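A.B. asks: Here's a sequence, model it:
(2 chains)
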Amino acid sequence: MNWRRPAGLSTLTALLIIIVIVVAVAMVVRSSHRHAIVGAGARDTSSAGGTVGSPTTRALPPSAIAPAPGGGLPVVARKPAPVSPGFEGCPAVGDHGDAALNRLKNRVDSAVWIPVAFDSVLALPWPSAVERRARDRWSRGATSQVKKWEGLPLSIEGYFVGGKLEGPESPNCHGADAPMRDWHLWLAAQPGRDRRQAIVVETTPVIRATHPAWSLTTVHRLVRDSTPVRVSGWLMLDPEHPEQVGKTRGTIWEIHPILRIEARVRGRWVPLDSLRQRGR
Amino acid sequence: MRKAVMLEVRLWIEGEDEPAHDFVESCTTAVREIIAAGAARRPELTVKVRAVRERS
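C.D. replies: Below is the predicted model of the structure:
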């Protein structure tokens, strides 16, 4: 096919027009690509701490949340389905053990977090029949009791009273390197070192990958300085360690995974990401 | 005198594996084989593996 230059159009003008067209096409392509990432990828608009691996930040409609009488947990009729894409070749179900539990631990979706009192989670009961049992062996009744609360997007204030790098675990495909292991943190109502009435809250590799500034050193500093913290993430029941209750934890309900960590500094909530950057 | 002891042995096992492959199962099998092979070096002792499970 012959391409003919319109009469009176100089070579330079034609070149400029081509450049403008190329730039415009590139901008359109880039714009649509970014939307594709937000749609399928990750952004937590609720935190200044950067992006997290979530497809969307979903707000529960106020009509779907019924506050419980007596300051307990809110009752949410329809909770968001977990989004668990897997990480670094490790599938959401992990490499062994309770696949459903691992899928919950590996979720990446964010939410508009519901602030609740520390004690409302600490006092939350669970059916003893689920202890040390995989979810596919729970009775329908027990499952129903747990499901009433599990999957609530919560935000809890308290104090870190400890934190450690967890060992290799099935949800993380037994990854041996530190970036492939959870952080096991203890959140308590009072500062100190007492874990007996603490709630275990955990960060996972896939979430930490989007918070490179988070560090256990910073967490340990928050413990040492008795800094108030606010932890946001998904309420989940981990049935594996009921024997620890009253010793190194106060409940087997956990915030797992954590999507957001903030510390109270000079009267305002600051993302953990920023604390590290400021060298506090 | 006949004697017996129940020992708990804590092992850390590390190696290369495909991410989704069941590392616990393959290591459990490996440990049983290692103990069985090593037991032959001490024929005066009867070694029975009662349980191998992951410490969580």
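
A.B. asks: contacts, neighbours, all on C-alpha from now
C.D. replies: Fine.

A.B. asks: which intervals of the chain have sub-threshold pLDDT?
C.D. replies: Picked chain A for this. Counting by pLDDT under 70, chain A shows low-confidence ranges at A:1-71, A:276-280.

A.B. asks: interface residues of it facing chain B?
C.D. replies: Contact residues, chain A versus chain B (Cα under 8 Å from any Cα of the partner chain): A:Gly89, A:Cys90, A:Pro91, A:Gly94, A:Asp95, A:His96, A:Glu169, A:Cys173, A:His174, A:Gly175, A:Ala176.

A.B. asks: make it 10 Å
C.D. replies: Selection of chain A residues close to chain B by Cα under 10 Å from any Cα of the partner chain yields A:87-97, A:166-176, A:240-241.

A.B. asks: What separation do you get for A:Ser155 and A:Pro115?
C.D. replies: For A:Ser155, the distance to A:Pro115 equals 5 Å [Cα to Cα, to the nearest Å].

A.B. asks: Please enumerate the shared neighbours of the two.
C.D. replies: Residues touching both A:Ser155 and A:Pro115 (Cα atoms under 10 Å, 6 or more residues apart in numbering or on different chains) are A:Arg230, A:Val231, A:Ser232.

A.B. asks: returning to what we had before: narrow the residues of chain A next to chain B to those that are buried.
C.D. replies: Burial by neighbour count, 16 or more other Cα atoms under 10 Å in any protein chain shown: within those this picks out A:87, A:90-96, A:166-176.

A.B. asks: From these, which land in strands?
C.D. replies: Per DSSP state E, strands hold no members of those.

A.B. asks: more neighbours, A:Ser155 and A:Pro115?
C.D. replies: Neighbour tally, A:Ser155 and A:Pro115, criterion other Cα atoms under 10 Å in any protein chain shown: the higher count belongs to A:Ser155, 23 against 16.

A.B. asks: Contact partners for that one?
C.D. replies: Applying Cα under 10 Å, 6+ apart, we find A:Ser155 in contact with A:112-118, A:230-235, A:255, A:258-261.

A.B. asks: With A:Asn102 instead?
C.D. replies: A:Asn102 neighbours (Cα under 10 Å, 6+ apart): A:84, A:91-96, A:169-173, A:238.

A.B. asks: repeat that for 7 Å
C.D. replies: Going by Cα atoms under 7 Å, 6 or more residues apart in numbering or on different chains, A:Asn102 touches A:Ala92, A:Val93, A:Gly94, A:Pro171.

A.B. asks: Double-check that it belongs to a strand.
C.D. replies: No - using DSSP: H, G, I helix; E, B strand; the rest coil, the assignment for A:Asn102 is helix, not a strand.

A.B. asks: Quick check: the gap between it and A:Ala81.
C.D. replies: Applying Cα to Cα to A:Asn102 and A:Ala81 gives a distance of 14 Å.

A.B. asks: A:Arg268 too?
C.D. replies: Relative to A:Ala81, A:Arg268 is positioned 32 Å away (Cα to Cα).
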